[in-house]
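In: Below are the sequence and a predicted model for it; my questions follow.
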Amino acid sequence: MSASLEFYTSLPTKRMGAGALFFNTAGNILIVKPTYKDCWEIPGGIVEENESPRQAVEREVHEEIGLKCRVITLLSTDYQHPVEQKTESIMFIFEGGVLDEKEINQIKIDGTELSEYRFVPLAEAMKLLSPVLARRMEQTVMAHKNKTAVYLENREIPI
């Protein structure tokens, strides 16, 4: 093994996840209910090996709700320190856009990974999402409204 390859294989790895923030025309947020969790999520998932966060969210959105989307705008990046059995991670949320009635009618839930979806106001989403995602979403929606992006560490803006 070459010295440079040995160096690169010795570097730490981090888990990465990517999600999409979608709205309906009334300004409500799209959330989805995984069959394997008690809380709701946004469309998205784990970034696979040799896949960019953008590619991952586009793939996951298509797999989970059947929509083909092209995300470009990054809204938030959240570095998560290790907690208990979870390793450190980096979570990305991208702008999914506003879905009109025709696009919403194209949403398909397979019933295996997800059981349902709904559009809810941010205040209701905050009660249904996990506390970790709820705090990240609060900051992400604020970044969306301000037409900017936000960097977080453990769901907070570092001071």
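Out: Ah, there it is. Numbers count the residues shown, from 1 in each chain.

In: which non-adjacent residue is nearest Phe119?
Out: The shortest distance from Phe119 to any non-neighbouring residue, by Cβ to Cβ, 6 or more residues apart in numbering, is to Asn28 (3.9 Å). Any C-beta I mention is one placed from the backbone N, CA and C, and that applies to glycine too.

In: The one you found: what's it in contact with?
Out: Listed by Cβ atoms under 8 Å, 6 or more residues apart in numbering, the contact partners of Asn28 are 119-121.

In: any chance you could map the strands in this structure?
Out: Taking DSSP state E, the strands of the chain run over residues 15-24, 29-34, 44-46, 74-80, 89-99, 114-120, 150-153.

In: May I have the last one as CSV, with CA atoms only?
Out: Okay, so that is strand 150-153. C-alpha atoms of strand 150-153 as CSV (Å, rounded to 0.1, in the frame of the first residue of the first chain):
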residue,chain,number,x,y,z
VAL,A,150,-27.1,28.2,8.1
TYR,A,151,-24.2,26.2,9.7
LEU,A,152,-25.2,24.4,12.9
GLU,A,153,-23.4,22.3,15.5
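
In: Which residues does stretch 45-57 contact?
Out: With Cβ under 8 Å, 6+ apart as the contact definition, stretch 45-57 has outside contacts at 15-20, 43-44, 59-60, 63-64, 71-72, 92, 94.

In: Least confident of those residues?
Out: Of all the contacts of stretch 45-57, Val71 carries the smallest pLDDT score, 82.

In: Show me what the spatially most central residue of the chain bridges to in the sheet.
Out: In the chain, the residue lying closest to the centroid (Cα atoms, centre = their mean) is Gly19, at 1.9 Å. Beta-bridge partners of Gly19, counted by DSSP bridges, are Gly44, Ile93.
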